[in-house]
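Asks: prediction below, plus the sequence it came from.
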2 protein chains.
Amino acid sequence: MHLSYSSVFPDSEHDHQHCVSRALAEAEQICHDQGQRFTTIRRKVLKLVWQQHKPIGAYQILEELQQEGRTAPPTVYRALDFLLKLGLIHRIASLNAFVGCIRPGAAHEGYFFICSSCKACAELNAAAISREIHQTAHNCGFVVQNSAVEIMGMCPNCASTGKLQ
Amino acid sequence: MHLSYSSVFPDSEHDHQHCVSRALAEAEQICHDQGQRFTTIRRKVLKLVWQQHKPIGAYQILEELQQEGRTAPPTVYRALDFLLKLGLIHRIASLNAFVGCIRPGAAHEGYFFICSSCKACAELNAAAISREIHQTAHNCGFVVQNSAVEIMGMCPNCASTGKLQ
DNA sequence: AATTGAAATGTTATATTGTAACATTTGATA
DNA sequence: TATCAAATGTTACAATATAACATTTCAATT
C-alpha cells in the first residue's frame, strides 16, 4: 500500500493557474506566520518559478523581470535565497535551476523525477526512498543532514505520446 | 542481511597510495579494453581526482596542472569528459566537483554520502535505495535513465572525533 | 506626522564554472 | 614516411553566482 502517485506529473491540460495562485497564497500565509515580508520582487520571482512544472534558471527569471525594468542578478538571487530559506522553492543542482515546492511549510526532503524530454519535474515525498536512504546511512555510520535526489528519466506523458529521449 | 559498509568512509590512516595506484591500473585496463587512449593528461587528471576521497573542482585540477606548465580550462574539461564517459569518475552536481569511481567498468548508479564537515565522499552501490527509487518511479509511470543521489551529512570519522557541522 | 533603524533593494564589479571555435600536434595505421 | 583521425593547444566567451557598498523602503516608535 502506498500513496497514489497518479498526479505527480500533472497532465498538460490541468488548471495550472490554480497551482500558481495556491502557491502564492500559501507563500503569503507562510511569510506572515514567520514574520517575513512577501515583497513584490519575491512574489514576482515565486510566480515566475511556478509558471510551469519545470525548473527555471536564475537568468531566465532575470530576463523576465527585465521586461519591466532594469534588474540585476543579485536581485534575483536574493529573492531565490529567501524563497529557498523559507522552503517555498527547491534548487535542482543538476540543472542549476529552481522549482516550486509542492508542500511548503512541511518539513521534508524533496525527491525529484525530471523528464529528460519535456523537462517536467515532479517532487515527491517518498517515505520508502527516505527510509532506505536513512537506513543505508545508518549502516555506514552516516548521519543525514539533507539530500539532493534528482532522478532523470522519461515521464508518463512523454512515454505515452511516444517521444524519444 | 546487507553488505558490510564498514569501509565506505576509509579512515585517514588507510594506505591511500594503494587506492590511487589501483584506480590508475584499472583505468589503464579499461581504456585498453575499449580501445581508448589513456594519455598523459588523462592520467594526470585521474590521479588528481583520486588524490583524496573528496570531490575536486575542475579549476582546482587546472591549478595543479599549471604548476608544471601552461594549461587552459578546455584541457581539463576534455579529460574530465573522457573519464566521465568511461565511468572512471563521477560528477557531484551539488558541488560542481568530481570524484573517482570506486567500481569503474561495472554498470551502476552511484549514490553518494558527502560529509559536510570534512567533505569526504563515499560512493555506494546500495541495492535497497536503487530498488525503492525504481519502484517509486514505476508507481509514477516514470522510467529512470540516470540518478543524481547526493546525501549531505556527518561521516563516522567526524562524528567520532566530535566535530560540529 | 516625523524619526529612526533594520531589512530590502539597487548598482557596480567580479568570481566561478563551463564551452565554442579554430589551430596545431600526436600517434596508430597504411 | 605519409596520412588522417584523435587529442591537445589557444583564444575568446558564455553561463552561473557572489562581494561590497549605496540607496530606498517600511514598520515601529516618538
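Replies: That came through fine.
Asks: run through chain A and note the low-pLDDT ranges.
Replies: A:1-7, A:163-165 (pLDDT under 70).
Asks: same thing but 50
Replies: Along chain A, the parts satisfying pLDDT under 50 run over A:1-3, A:165.
Asks: if I look at A:D33, how far off is DNA strand C?
Replies: According to C-beta to the nearest atom of the strand, to the nearest Å, A:D33 stands 14 Å off from DNA strand C. (Each C-beta comes from the backbone N, C-alpha and C, glycine too.)
Asks: any idea which strand is longest in chain A?
Replies: strand A:143-154 (DSSP state E).
Asks: now check that one, is it near DNA strand D?
Replies: No. Remark: strand A:143-154 sits outside contact range of DNA strand D, by C-beta under 7 Å from any atom of the strand, the gap being at least 12.5 Å.
Asks: just the angle for that strand relative to strand B:143-154, thanks.
Replies: Orientation of strand A:143-154 against strand B:143-154 (axes from the mean of the first three to the mean of the last three C-alpha atoms, to 10 degrees) gives an angle of 160 degrees.
Asks: got the buried residues for the following helix or strand past strand A:143-154?
Replies: Downstream of strand A:143-154, the next assigned helix or strand under DSSP states H and E is helix A:156-160. Residues A:P156, A:N157, A:C158, A:A159 are the ones in helix A:156-160 that count as buried (16 or more other C-beta atoms under 10 Å in any protein chain shown).
Asks: and if you look at stretch A:35-45?
Replies: For stretch A:35-45, a neighbour-count test (16+ other C-beta under 10 Å) marks A:F38, A:R42, A:R43, A:K44, A:V45 as buried.
Asks: who in chain A is up against DNA strand C?
Replies: A:36-37, A:39-42, A:70-75, A:78-79, A:82.
Asks: buried ones in the longest strand of chain A?
Replies: A:V143, A:V144, A:S147, A:A148, A:V149, A:E150, A:I151, A:M152, A:G153, A:M154.
Asks: which one of those residues is nearest DNA strand D?
Replies: A:A148 (12.5 Å; C-beta to the nearest atom of the strand).
Asks: surely that closest one is in contact with B:L95?
Replies: No. Look at A:A148 against B:L95 with C-beta atoms under 8 Å: they stay out of range, at 9.7 Å.
Asks: which neighbours do these two share?
Replies: Here A:A148 and B:L95 have B:E150 as joint contacts, going by C-beta atoms under 8 Å, 6 or more residues apart in numbering or on different chains.
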